[in-house]
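Undergrad: Need coordinates for the below:
(one chain, ligands or ions: 1)
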Amino acid sequence: MGPRSWRLVALISVCALVLPAAAQAAAKHRTSRSQHKAPRIYTPRPQAGVQHLHYKFGPIHITPGQNTINIEPNKLRPSVPGYITKFVPNLKRTDGSVPRVDVIHLHHGVWLVNGYPTWAAGEEKTRVYAPKGFGWSYKPSDQWLMNYMIHNLTPNPDTVYITYDIDFIPATAPQAKTMTPIHTQWMDVEGIKAYPVFDALRAYGNKRGLYTFPDMAPTDPYKGGRKRNEWTVPHDLTMVGTAGHLHPGGKETFLTVSRGGKTVRLFTSKAHYYEPAGAVSWDVSMTATPPNWRVALKKGDVVAVHGTYDVSKASWYESMAIMPAMVTDGPDGGVDPFTHDTDVPGLLTHGHLPENDHHGGGALGLPNPAKVLDGPVARRQLTIEGFVTSQGDLSGDTGLSKPPVIKQGQSISFLNVDAKDDIYHTITACKQPCNKEAGIAYPLADGPVDFDSGELGNGPPNFTAAANRTTWSTPVNLKPGTYTYFCRIHPFMRGSFRVVK
Ligand SMILES: [Cu+2]
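TA: Predicted coordinates:
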């Protein structure tokens, strides 16, 4: 399995409107305009002269509980030079059906072109459209790699394809003569790295329950070094589009630009949740820049990306904030972001998707851990094997549901035996009783206190979601009570333990 990682993204977009002129630039972190109604969903007309190409990468055989990162050569692409003007990814089974997102999903797919991330998709499946007259220039000699992380939330194997629809204008088409080439500028709060994640915990939120990374990070995430969320514009050019990628809990990503000591907001990509429970699931679509959005950037401008999460309901581990941008190779018009308000309302890249219909939270008839009699005193390490914890397991008819008991000040340790099969598990606090049916919105990391083990397991160094350890111990400072937990990777897995005086 080859590996590496990133999860990512999606992005960009769009088509036709004019930037409202006006407005002095706004201050650095001003609140972006509120949108009470759903933003409009944008569906561009195909550019003239395009071919619609459809590719299926695979078949990919998915192992039980898989959450690993792979990277493989990708020869599925146009055979002649030209311009790519649309990129729409998906994940499909061999029969063409789209798996439910709470069963198996594309945690990320990144199409690397000559080593650089160029298009990407995450669970939110953002669709990417170049504005009319613009396209990514493509040569058959380009090297393409497919970097993907497919997350199987169940213990059942499966087989899928990563699909992508491309609109393509061959260089020989008359329309090609008027095209302006663009390329992707990868903007990620963690920079370009294998697994660019950060934790957004409830304790980090402001009074409104919002947490913006890296701005509000309790410690400098860059440790005084290079700010990985920044990009210094190398020469005058035009940015023609952008859209964000984030995870459940995410509210928005935004770009700022700084010049001469002044900072303004370039664009805010907002998460619109179709999820009835709010910002807690993958039932979401991101806004992208409108079609005629054009911003002139100057050499030396510093563009930075930020991500805001709603931490009022739950903590969010291994979160992302990525905002790839489409930029031209040189100056190509556009407004000055310091004299025009470029942070205009965006357009959604898609509506609600049927694969996000299973929200979870229904009754399963599992025991309520708080009412179950004490299990044995926990003296030895608990094991997680075959997706079952050796004591306190709630996820089914295991006969192991009685919580192991420890005295206040002690801790229980867990060993993930499944790590030998590259299956990662977490022990993550959830609110009691945490015994309902799993779905895209349940369970959440909303226990009375936060604890999380990280993904117990091993993977290639610097290229994995795994913590590269297989054990974890509960915090020693827990007050007496019954604690419930779930596995973030396989949310049907639940357990409990009890702390007594
Ligand atoms: Cu698990």
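
Undergrad: Next up, the contacts around residue 485.
TA: Counting by CB atoms under 8 Å, 6 or more residues apart in numbering, residue 485 touches 427, 428, 429, 430, 434, 447, 451, 494, 495, 496, 497. In this view, the C-beta of every residue, glycine as well, is placed from N, C-alpha and C.

Undergrad: ok, the first one touching residue 489?
TA: No. Using CB atoms under 8 Å, residue 427 is not in contact with residue 489; the gap is 10.9 Å.

Undergrad: Comparing those two, which residue is more hemmed in?
TA: Of the pair residue 427 and residue 489, residue 427 is the one with more neighbours under other CB atoms under 10 Å, namely 26 against 22.

Undergrad: Do a quick rundown of the strands in the stretch 351-500 of the chain.
TA: 382-385, 388-389, 405-407, 413-416, 428-430, 471-473, 481-486, 494-500 (DSSP state E, counting those that start in this stretch).

Undergrad: Repeat that for the stretch 151-300 of the chain.
TA: 158-170, 180-185, 198-200, 210-213, 230-232, 237-242, 245-246, 250-259, 262-273, 284-288, 295-297.

Undergrad: Just the CA atoms of the first one, as CSV, please.
TA: Yep, that's strand 158-170 we're talking about. C-alpha atoms of strand 158-170 as CSV (Å, rounded to 0.1, in the frame of the first residue of the first chain):
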residue,chain,number,x,y,z
ASP,A,158,-16.1,-3.8,-0.4
THR,A,159,-15.0,-2.9,-3.9
VAL,A,160,-15.3,0.7,-5.3
TYR,A,161,-14.1,3.0,-8.0
ILE,A,162,-13.1,6.6,-7.6
THR,A,163,-14.8,8.3,-10.5
TYR,A,164,-14.2,11.7,-12.0
ASP,A,165,-15.9,13.6,-14.8
ILE,A,166,-13.7,16.1,-16.6
ASP,A,167,-14.7,18.7,-19.2
PHE,A,168,-11.8,19.0,-21.7
ILE,A,169,-11.1,21.3,-24.6
PRO,A,170,-8.4,19.8,-26.9
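
Undergrad: helices and strands around it, which ones?
TA: Here strand 158-170 touches strand 51-62, strand 82-93, strand 104-113, strand 144-152, going by 3 or more CB pairs under 8 Å, 6 or more residues apart in numbering; DSSP states H and E.

Undergrad: The ion: which of those is closest?
TA: Comparing the helices and strands packed on strand 158-170 against the ion with CB to the ion, the closest turns out to be strand 144-152 (10.3 Å).

Undergrad: Which residues outside the closest one are in contact with it?
TA: Contact with strand 144-152 is made by 4-7, 57, 60, 62-75, 77, 91, 103-113, 115, 117, 158, 160, 162, 465, 489, as judged by CB under 8 Å, 6+ apart.

Undergrad: tell me the two of the contacts of residue 485 that are most distant?
TA: Comparing every pair within the contacts of residue 485 by CB to CB identifies 451 and 494 as the most remote, at 14.6 Å.

Undergrad: Skipping adjacent residues, who's closest to residue 274 in space?
TA: Of all residues beyond its chain neighbours, the one nearest residue 274 is residue 352 (4.0 Å), with distances taken as CB to CB, 6 or more residues apart in numbering.

Undergrad: now the strands of the stretch 151-300 of the chain in TSV, with mean pLDDT, mean neighbour count and distance to the ion?
TA: Shown next, in TSV, are these (pLDDT from 0 to 100; neighbours: other CB atoms under 10 Å; distance: least, CB to the ion, whole Å):
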stretch	mean pLDDT	mean neighbour count	distance to the ion
strand 158-170	95	20	16
strand 180-185	97	19	34
strand 198-200	97	23	18
strand 210-213	98	23	26
strand 230-232	98	16	36
strand 237-242	98	26	34
strand 245-246	94	28	23
strand 250-259	98	23	23
strand 262-273	97	23	25
strand 284-288	95	28	23
strand 295-297	98	24	43
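
Undergrad: export the ones you listed to TSV and tack on distance to residue 45?
TA: Formatted as TSV, those follow (distance: least, CB to CB, whole Å):
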stretch	distance to residue 45
strand 158-170	11
strand 180-185	18
strand 198-200	38
strand 210-213	36
strand 230-232	32
strand 237-242	16
strand 245-246	25
strand 250-259	27
strand 262-273	23
strand 284-288	16
strand 295-297	23
